[in-house]
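A.B. asks: prediction below, plus the sequence it came from.
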Amino acid sequence: MINVLFVCLGNICRSPMAEAVFRHQVKKQGLEEKITVDSAGTGDWHIGEAPHEGTCQLLQEKQIDYSDIQARQVTKKDLEQFDYIIAMDMDNLAYLQKLADDEKKPKLMKLLDFVPDSPLENVPDPYFTGNFDEVYEMVQKGCARILEQIKEETAQ
């Protein structure tokens, strides 16, 4: 089983969107028995909350299920359980790198590392920008490429 975790700041906008989109893509390819997906935030402000209304509205429009997603904070145990931990920006990645010990490091990357043609390095936070459509496009493209990479790596 391959375990994938998406991480942003509060776990209400970007990472739950990525979790829902990636889970949707995994399900469409019939890989839900091989890949699990979750999301978390580096901060604790929104623990237990549903995704932001902007994320919910966009996912509803795209007919992507997000009904079981609830905000939680990333833990050191996550670093042991997940094979891929995908941060939305450099600050999230730096937090995860500090949290990780050197013994067992999952693959820690930024989402846009998978989108080499992106003019941005970090996924902007729509909590502050309000641009959920822009974030969705980045998330959708990044998730598709992550899934392709996982399929290639596990086929070997």
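C.D. replies: Good, I have the coordinates.
A.B. asks: burial of residue 120, as a residue count?
C.D. replies: One way to gauge burial is a neighbour count; for residue 120, by other C-beta atoms under 10 Å, it gives 11. C-beta here means a position set from N, CA and C on the backbone, and glycine is covered the same way.
A.B. asks: swap in residue 34?
C.D. replies: For residue 34, the tally of surrounding residues (other C-beta under 10 Å) stands at 13.
A.B. asks: how close does it sit to residue 114?
C.D. replies: 19 Å (C-beta to C-beta, to the nearest Å).
A.B. asks: how about the strands of this structure, start to end?
C.D. replies: Using DSSP state E, the strands of the chain run over 2-8, 35-41, 84-87, 107-110.
A.B. asks: could I get these as TSV with distance to residue 147 and mean pLDDT?
C.D. replies: Formatted as TSV, these follow (distance: least, C-beta to C-beta, whole Å; pLDDT from 0 to 100):
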stretch	distance to residue 147	mean pLDDT
strand 2-8	9	97
strand 35-41	8	98
strand 84-87	10	97
strand 107-110	14	93
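A.B. asks: could those go into a markdown table alongside mean neighbour count and distance to residue 95?
C.D. replies: Supplementary listing: the strands of the chain in a markdown table, determined by neighbours: other C-beta atoms under 10 Å; distance: least, C-beta to C-beta, whole Å:
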| stretch | mean neighbour count | distance to residue 95 |
| --- | --- | --- |
| strand 2-8 | 25 | 8 |
| strand 35-41 | 23 | 10 |
| strand 84-87 | 26 | 8 |
| strand 107-110 | 18 | 10 |
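A.B. asks: make CSV out of those strands and add distance to residue 132.
C.D. replies: Listed next are the strands of the chain as CSV, based on distance: least, C-beta to C-beta, whole Å:
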stretch, distance to residue 132
strand 2-8, 13
strand 35-41, 16
strand 84-87, 18
strand 107-110, 19
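A.B. asks: between these, which gets nearest to residue 131?
C.D. replies: Residue 131 lies closest, by C-beta to C-beta, to one member of these: strand 2-8, at 14.6 Å.
A.B. asks: quick one: that closest one to chain centroid distance?
C.D. replies: 5 Å (C-alpha atoms, centre = their mean, to the nearest Å).
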